[in-house]
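Asks: pasting a predicted model and its sequence here:
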Amino acid sequence: QVQLVESGGGLVQAGGSLRLSCAASGRTFWRYVMGWFRQAPGKEREFVAAVNWNGGTTNYADSVKGRFSISRDNAKNTVYLQMNNLNPEDTAVYFCAANNDITTIRRPDAKKYDLWGQGTQVTVSS
C-alpha cells in the first residue's frame, strides 16, 4: 500500500513561487496516476493537475495552466507541483493523490483517487 506525504507549502506573496513535493512509500509508486487537488475554506475540493506513470502525459485545470507544472521522479518516489505566479485565489490546502485509472488524467474525478496525503497549506498574500 502506498502512503503519501506532502511538503513544501507555506506563505508567499502574490507573484511568487512554491514547489510542493509528495513523497510516496512503497515499491509500486511508478504504477500510479498521480494528481494534485486543492481545497479552499468553504469550497469543494478541486482538481489541479495530474500525471501518468512516466510523466509523459499531464493535464491541468484551466485556472493553473501556464503557471503550474506537475512532474514526477519515480526513482525518488516523488511527485512535484511547481507553482509560479501565484495569486491569492490559489490559497488552499493542497493534496496529492494516487489511483490506477489512466482515464482520470483527462477526466479528473477525485472520487476515483483512492490514496490521499494529509495535505499542505499554501497561503498567497496580496
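Replies: Happy to help now that I have it.

Asks: quick one: the residue most central in space within the chain from S126, how far?
Replies: Nearest to the mean C-alpha position of the chain, counting by C-alpha atoms, centre = their mean, stands W36 at 2.1 Å. When distance is defined by C-beta to C-beta, to the nearest Å, W36 is 23 Å away from S126. C-beta: built from backbone N, CA, C; applies to glycine.

Asks: show me what contacts the residue nearest to the centre of the chain?
Replies: If you count contacts by C-beta atoms under 8 Å, 6 or more residues apart in numbering, W36 has them with L20, C22, V48, A49, A50, I70, V79, L81, Y94, F95, C96, A97.

Asks: the nearest residue to the third one once chain neighbours are set aside sits in which helix or strand?
Replies: Nearest non-adjacent residue to V48, counting by C-beta to C-beta, 6 or more residues apart in numbering: W36, 4.2 Å away. Assigning secondary structure by DSSP states H and E places W36 in strand 33-39.

Asks: do C96 as well
Replies: Going by DSSP H and E, C96 is part of strand 92-99.

Asks: partners of whichever helix or strand comes after that strand in the sheet?
Replies: Where DSSP H and E defines the elements, the next helix or strand beyond strand 92-99 is strand 115-116. Note on strand 115-116: by DSSP bridges, its sheet partners are strand 92-99 (antiparallel).

Asks: where in the protein is pLDDT low?
Replies: Scanning the chain for pLDDT under 70 picks out nothing.

Asks: one step back: buried ones in the strand holding W36?
Replies: By neighbour count with 16 or more other C-beta atoms under 10 Å, strand 33-39 contains the buried residues V33, M34, G35, W36, F37, R38.

Asks: just stretch 7-14 next, same as before
Replies: For stretch 7-14, a neighbour-count test (16+ other C-beta under 10 Å) marks G8, G9, V12 as buried.

Asks: could you do stretch 52-63 as well?
Replies: By 16+ other C-beta under 10 Å, the buried positions in stretch 52-63 come out as N52, W53, N59, Y60, A61.

Asks: narrow the residues you listed to those in helices?
Replies: Using DSSP state H, no member of the buried residues of stretch 52-63 sits in helices.
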